[in-house]
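>>> quick one: sequence plus predicted model below, questions after.
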Amino acid sequence: MAQSVEAIEARVKELIIEHLGLEPDLAATITLESFFVEDLGADSAGFVMLLAAIDMEYGLEVPMEEAAKMKTGNDAVEYIKTHVGA
């Protein structure tokens, strides 16, 4: 059964906070429009960990050329919706 868009968005936000090493108490200030690198300070290792978590969570294997296009949480959500369904 496909997850709702809201459920995907909430889980992606949780994964971003967890795998980019962000403080949970800052969750209210983090949006899916936030850029991983520019706004959230992600380094390459953190981004790879985030992608791995998304892969595991949704049973995906995001190709590197697609991963390179993911700049925000919304980009990740759109990829998940397209490849898993919502």
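That came in fine, so what should we check first?
>>> which non-adjacent residue is nearest residue 26?
Residue nearest to residue 26 in three dimensions, not counting chain neighbours: residue 17, with 7.8 Å by Cβ to Cβ, 6 or more residues apart in numbering. (C-beta placed from N, C-alpha, C; glycine too.)
>>> I meant to write residue 23 there.
Nearest non-adjacent residue to residue 23, counting by Cβ to Cβ, 6+ apart: residue 17, 8.0 Å away.
>>> next one, pLDDT for the residue lying closest to residue 21 once chain neighbours are set aside please.
Once flanking residues are discounted, residue 21 sits nearest to residue 46: 6.3 Å by Cβ to Cβ, 6+ apart. Looking at residue 46, its pLDDT is 94.
>>> with residue 41 instead?
91.
>>> next: residue 13.
On pLDDT, residue 13 comes in at 94.
>>> which residues sit against the strand or helix carrying it?
According to DSSP states H and E, residue 13 maps onto helix 5-19. With contact meaning Cβ atoms under 8 Å, 6 or more residues apart in numbering, helix 5-19 is reached by 3, 22-24, 26-27, 30, 32, 34, 36, 40, 46, 49-50, 53-54, 57, 73, 76-77, 80-81, 84, 86.
>>> show me where pLDDT drops low in this protein?
For the chain, the stretches with pLDDT under 70 are 1, 86.
>>> how about the helices in it?
Using DSSP state H, the helices of the chain run over residues 5-19, 44-58, 64-67, 73-84.
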